[in-house]
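Chemist: Here's my sequence, what's the structure:
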Amino acid sequence: MSYTYLFIAGAITFASVFAILAFYWAAKHGHLRDVENGAKVIFDEGEPIGKPTDAFPGYLTGSTTKAPH
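Modeler: Numbers count the residues shown, from 1 in each chain. This next block holds a predicted model:
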């Protein structure tokens, strides 16, 4: 039973250290400098910012209302 608690504590410690090191690496290599403009890169003329062009199956494009069958 105590091995289970040691394993859980070790896993949490390992995950925490890994997360801190990943955050440090990202900050050091400039991945956190310009978050706002980085998010806009995925948009183009076909999908302007703020106008959804995709839809869930059975719903109208960019809407929460169901499409008529």
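Chemist: where does this protein dip in pLDDT?
Modeler: Within the chain, the ranges that satisfy pLDDT under 70 run 1, 38-48, 50-56, 58-69.
Chemist: Please parse it into its domains.
Modeler: 2-33, 36-69 (automatic domain parsing).
Chemist: Skipping adjacent residues, who's closest to residue 32 in space?
Modeler: residue 26 (5.7 Å; Cβ to Cβ, 6 or more residues apart in numbering). Quick note: C-beta positions are derived from backbone N, CA and C, even for glycine.
Chemist: What is the neighbour count of the one you found?
Modeler: 11 (other Cβ atoms under 10 Å).
Chemist: Check the one 3 residues further on too.
Modeler: By the other Cβ under 10 Å criterion, the neighbourhood of residue 29 contains 9 residues.
Chemist: and if you look at residue 28?
Modeler: So residue 28, with other Cβ under 10 Å, has 9 neighbours.
Chemist: check which helix or strand covers residue 18.
Modeler: Taking DSSP states H and E as the definition, residue 18 sits inside helix 2-28.
Chemist: Hmm, the residue nearest to residue 32 is touching residue 35, no?
Modeler: No. Contact criterion Cβ atoms under 8 Å: residue 26 and residue 35 do not qualify, at 10.9 Å.
Chemist: Need the overlap of contacts for those two.
Modeler: Residues touching both residue 26 and residue 35 (Cβ atoms under 8 Å, 6 or more residues apart in numbering): none.
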